[in-house]
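Student: Using only what follows, build the 3D model:
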Amino acid sequence: MADRTNHGVAPQTHPDLLTWLTERAQSFEHWAEDTSTPETWDFSPQSLDTLEDLIHNQYSSNAESLTARRNAFLQGACWYIGEVVCRTRGAVWKFEPFAVKGAELPSLFGEADPSGVIDEPCVGAPEEGTEEAIYPMGAVHGLFSTEDELGNPIAQRLSDVLGDFDEGEDDEGEDEDDNE
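Tutor: Residues are numbered from 1 along each chain as shown. Okay, the predicted model is just below:
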């Protein structure tokens, strides 16, 4: 199931993305075995709960996950999260790097915790820009957030990425009078 001939990549995406996707797909079986739960990885939304538990077992903070963002486990986890969204919601992979004005465009997963840079792939609706996209590595880091920007307590889940994708698709068609 890890082998897809069409990687679901948006047109005119940075060339590093296709290389990364191919490497992740080719190493998926090994990654799954390394998790000690290879039977779990069926690209279903429910499998994200197991992945979330594995992430919490390996990392205890956002800082730890940021530092380890280039290791094999988190790279595989990021790919897997994105693939679940692509396969269940029809999303495509995108990597359109952003850097602060005048800075060189970053490579895919450059230095840990880059300042003013987006260097991670995302998944989103084929016709939408990356502003509306879901960043799987951001979802991993979000697991360690305990409050929102207003200081309210939150508990983020990996499965939230599927709801985020649905909400992005429905925003245009929502009507304020639908609250009846």
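
Student: List the buried residues in stretch 78-94.
Tutor: Using 16 or more other CB atoms under 10 Å as the test for burial, stretch 78-94 gives 78-87, 89, 91-94. (C-beta placed from N, C-alpha, C; glycine too.)

Student: where does L158 fall, phi/psi-wise?
Tutor: phi -60, psi -40 (degrees, to the nearest 10).

Student: Then P45 would be within a helix, right?
Tutor: No: counting by DSSP: H, G, I helix; E, B strand; the rest coil, P45 is not part of a helix but coil.

Student: quick one, what contacts it?
Tutor: With contacts defined as CB atoms under 8 Å, 6 or more residues apart in numbering, P45 is in contact with 84, 88, 159, 162.

Student: my read: the first one touches S44, true?
Tutor: What that stands for is V84. Yes: between V84 and S44 a contact is recorded at 7.3 Å, counting by CB atoms under 8 Å.

Student: Now do stretch 63-80: everything it contacts.
Tutor: 20-21, 24-25, 27-28, 31, 34-35, 41, 43, 47, 51, 54-55, 58-59, 109, 112-113, 120-121, 136-137, 140-141, 143-144.

Student: Only the buried subset of these, as a PyMOL command please.
Tutor: Of the contacts of stretch 63-80, the buried ones can be selected in PyMOL as follows, counting by 16+ other CB under 10 Å:
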select buried, resi 20+21+24+27+28+31+35+41+47+51+54+55+59+109+120+121+136+137+140+141+143+144
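
Student: Give me the most central residue, the chain.
Tutor: Residue closest to the average C-alpha location in the chain (CA atoms, centre = their mean): P136, at 1.2 Å.

Student: Would you mind checking the average pLDDT for stretch 151-170?
Tutor: Stretch 151-170 comes out with an average pLDDT of 79.

Student: Also stretch 91-105?
Tutor: 75.

Student: oh, and call the first residue 19 from now on, that's how I've got it
Tutor: Right, with 19 as the first residue, what we last looked at is stretch 109-123.

Student: Apart from its chain neighbours, what residue comes closest to G147?
Tutor: E114 (7.9 Å; CB to CB, 6 or more residues apart in numbering).

Student: One more: T68?
Tutor: T58 (4.8 Å).

Student: Tell me which two in the contacts of P63 are the farthest apart.
Tutor: T106 and S177 (10.7 Å; CB to CB).

Student: how close does the closest residue to Q174 other than its chain neighbours get to L176?
Tutor: Once flanking residues are discounted, Q174 sits nearest to G160: 4.4 Å by CB to CB, 6+ apart. According to CB to CB, to the nearest Å, G160 stands 9 Å off from L176.
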